[in-house]
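Asks: this one's sequence-less:
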């Protein structure tokens, strides 16, 4: 394919991406465009499967959904790029060290050769001048060896610093790829990984595990009445309450949109319900104030559902049951916690 062909293909993809965004009411922001360009290019099969699934189910892929998709399917590429960059830099450092090691080994061989030659040259008939010449040759070879050893040591110390920086940058990129940019809690990708790990550990150790899924009540009204910036403020407030209300070892994540999740290892249903109620009360006690004007906007409430893992259960099944409990909390009046004490219908939640 020629350069001209590449431009033509990219232009076609761009046109299709913008058309899909307009059809679904997505604001043409860079991160939204990125997702739809990836979709029409077909380079990310997991992304395409997720979007096709949403379209088939008739679910809206609006601006909020696009942001969620970007968080799940695009942010991890930052980590991949950082890993590749770190790998390239590490290869350069290793190459430099190997050359110095080879040079030092050559120096060691040179010193050994000088010593052997000196031994062969010195005989009972050698004059003081001969001895002095041989000693000077040995001293010269020894100094070369010392200089190369010092150079290698210095380079190794420098490399320690380079490796520390690379490790720090890679850790930072990894954390950013697993963190929700708006709220600072774990994102959906990190949640999926953590839940699978905790279920596996609970199964191995035969310990209880609870999952809490919470939803901000009437969140759409905040956005429609006060705008998206205020909606973002609400999300950050709730995330802050969740982070401060959980225990060490629990995982708080933004599950999607205005939904949050808490993974509670080694926790019985009653304890999880008590903690969820405590968080709900903290959220309700916080008064929301519009920062730009100081105007009081009222209080935020949450509905939460609690499910306890069953033996041999998959992450999807546990999520589905916690979701059903959340729906029951919404249906029974909101601003409450419902735990799985009876069979509950599994169906779409109220807003």
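Replies: That came through fine. What you are looking at is a predicted structure, and each value in this text was computed from that prediction instead of being measured.
Asks: just the strands in the stretch 251-351 of the chain please.
Replies: Assigned by DSSP state E, counting those that start in this stretch, the strands in the stretch 251-351 of the chain fall at 251-256, 259-265, 287-289, 296-299, 302-308, 337-339.
Asks: how big is the angle separating the first one from strand 259-265?
Replies: Here the directions of strand 251-256 and strand 259-265 differ by 150 degrees (axes from the mean of the first three to the mean of the last three CA atoms, to 10 degrees).
Asks: average pLDDT across strand 251-256?
Replies: The average pLDDT within strand 251-256 is 94.
Asks: and it, what other elements does it pack with?
Replies: helix 188-205, helix 228-245, strand 259-265 (3 or more CB pairs under 8 Å, 6 or more residues apart in numbering; DSSP states H and E). In this view, the C-beta of every residue, glycine as well, is placed from N, C-alpha and C.
Asks: show me what the second one is packed against.
Replies: So the one you mean is helix 228-245. With contacts taken as 3+ CB pairs under 8 Å, 6+ apart, helix 228-245 sits against strand 209-216, helix 219-226, strand 251-256, strand 259-265, helix 269-285, strand 287-289.
Asks: nearest to residue 196, of those?
Replies: Among the helices and strands packed on helix 228-245, the nearest to residue 196 by CB to CB is strand 259-265 (10.3 Å).
Asks: that closest one pairs with which strands, and in what direction?
Replies: Looking at strand 259-265 with DSSP bridges, its partner strands are strand 209-216 (antiparallel), strand 251-256 (antiparallel).
Asks: what's the closest of those strands to residue 49?
Replies: Using CB to CB, the strands paired with strand 259-265 put strand 251-256 closest to residue 49, at 16.7 Å.
Asks: out of the strands of the stretch 251-351 of the chain, deepest packed?
Replies: Of all these, strand 302-308 carries the top mean neighbour count, a mean of 27, counting by mean count of other CB atoms under 10 Å.
Asks: quick one on the thing from earlier: mind putting the helices and strands packed on helix 228-245 into JSON lines with distance to residue 328?
Replies: Converted to JSON lines, those look like this (distance: least, CB to CB, whole Å):
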{"stretch": "strand 209-216", "distance to residue 328": "12"}
{"stretch": "helix 219-226", "distance to residue 328": "18"}
{"stretch": "strand 251-256", "distance to residue 328": "17"}
{"stretch": "strand 259-265", "distance to residue 328": "15"}
{"stretch": "helix 269-285", "distance to residue 328": "13"}
{"stretch": "strand 287-289", "distance to residue 328": "26"}
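Asks: pick out the shakiest of these, pLDDT-wise.
Replies: Lowest mean pLDDT of the helices and strands packed on helix 228-245: strand 287-289, a mean of 78.
Asks: which strands and helices sit next to it?
Replies: helix 228-245, strand 296-299.
Asks: including distance to residue 37, could the strands of the stretch 251-351 of the chain go into CSV?
Replies: Listed next are the strands of the stretch 251-351 of the chain as CSV, based on distance: least, CB to CB, whole Å:
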stretch, distance to residue 37
strand 251-256, 22
strand 259-265, 27
strand 287-289, 36
strand 296-299, 37
strand 302-308, 36
strand 337-339, 41
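Asks: which of the ones you listed sits closest to residue 201?
Replies: Of all the strands of the stretch 251-351 of the chain, it is strand 259-265 that lies closest to residue 201, at 7.1 Å by CB to CB.
Asks: mean confidence for stretch 296-314?
Replies: pLDDT averaged over stretch 296-314 gives 91.
Asks: and residue 255, what does it touch?
Replies: Each residue near residue 255 by CB atoms under 8 Å, 6 or more residues apart in numbering is listed here: 188, 191, 213, 261.
Asks: switch the cut-off to 10 Å
Replies: With contacts defined as CB atoms under 10 Å, 6 or more residues apart in numbering, residue 255 is in contact with 68, 180, 185-188, 191-192, 213-215, 261-262, 319, 322-323.
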